[in-house]
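Trainee: The sequence and its predicted three-dimensional model are supplied below.
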Amino acid sequence: MKIYTFHRKQNFPISIDEAWNFLSDPKNLKKITPDYMSFDIISKIDRPMFSGQIIQYIVTPILGIKTKWVTEITHIKHKEYFVDEQRFGPYSLWHHKHFIKEIDGGVEMEDIIDYKLPMGILGQLVHPILVKPKLEEIFEYRTKKLTELFGEHNG
């Protein structure tokens with residue numbers, strides 16, 4: 001059983017409050033997801049994020065194939081981190097930790113994703129040619145969009 005880890009850090013010249021308010025609102029996920037993925041939240045989001053919250057999405061990650069994805073917010077520490085875990089979707093395991101912390105001149109945002117692909121050895125074979133490049137592309141897009149929204153911190 002192969003479990004992969006994806007890790008990304010980025011810094012922005014904004015307050016911890018501004019970062020938390022943006023990142024902890026599931027509705028903002030669409031703003032930082034590439035348009036071609038046709039990302040839509042189908043859950044009713046009518047309150048701030050909370051532990052135990054289930055969020056349902058429709059997303060088109062590859063080859064125009066629409067996929068339903070269901071995640072649960074499993075852990076939250078206000079203005080420090082939250083964790084979402086897949087309950088139903090394309091991965092055998094998806095555990096995504098979002099950390100934010102104050103740094104000189106702004107905040108550092110850190111994503112750590114531990115994930116496992118389905119289909120055993122076939123999943124492992126497509127990882128380097130399809131899955132890993134797609135995750136990198138999505139997070140490059142997020143970095144670009146967040147930089148457009150908040151500017152860039154060079155500290």
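Mentor: Sure, I can see it.

Trainee: All the helices of the protein, in order from the start?
Mentor: Secondary structure of the chain (DSSP state H): helices at 16-23, 120-126, 132-150.

Trainee: highest average neighbour count across those helices?
Mentor: Ranked by mean neighbour count, the helices of the chain are led by helix 16-23 with a mean of 17 (mean count of other Cβ atoms under 10 Å). To be clear about C-beta, it is placed using only N, CA and C from the backbone, and glycine gets the same treatment.

Trainee: residues in contact with residue 96?
Mentor: Listed by Cβ atoms under 8 Å, 6 or more residues apart in numbering, the contact set of residue 96 reads 71, 83, 84, 85, 111, 112, 113.

Trainee: got TSV for those, with distance to residue 77 and neighbour count too?
Mentor: Below are the contacts of residue 96 laid out as TSV (distance: Cβ to Cβ, whole Å; neighbours: other Cβ atoms under 10 Å):
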residue	distance to residue 77	neighbour count
71	18	21
83	10	18
84	14	21
85	16	16
111	16	17
112	15	16
113	18	19
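
Trainee: of all the residues you listed, which two lie farthest apart?
Mentor: Farthest pair in the contacts of residue 96 (Cβ to Cβ) is 71 and 112. Separation: 15.4 Å.

Trainee: May I ask which helix or strand of the chain has the lowest mean pLDDT?
Mentor: helix 120-126 (a mean of 89; mean pLDDT, DSSP states H and E).

Trainee: Correct me if wrong: residue 7 contacts residue 99.
Mentor: No - the criterion here is Cβ atoms under 8 Å, and residue 7 misses it with residue 99 at 10.7 Å.

Trainee: residues shared between the contacts of those two?
Mentor: Common neighbours of residue 7 and residue 99 (Cβ under 8 Å, 6+ apart) are 110, 111, 112.

Trainee: Going by distance to residue 37, which of those wins?
Mentor: residue 111 (16.8 Å).

Trainee: what's the distance between the most centrally placed residue in the chain and residue 46?
Mentor: Geometric centre of the chain, nearest residue: residue 96, 6.6 Å, by Cα atoms, centre = their mean. In this structure, residue 96 and residue 46 are 23 Å apart, going by Cβ to Cβ, to the nearest Å.
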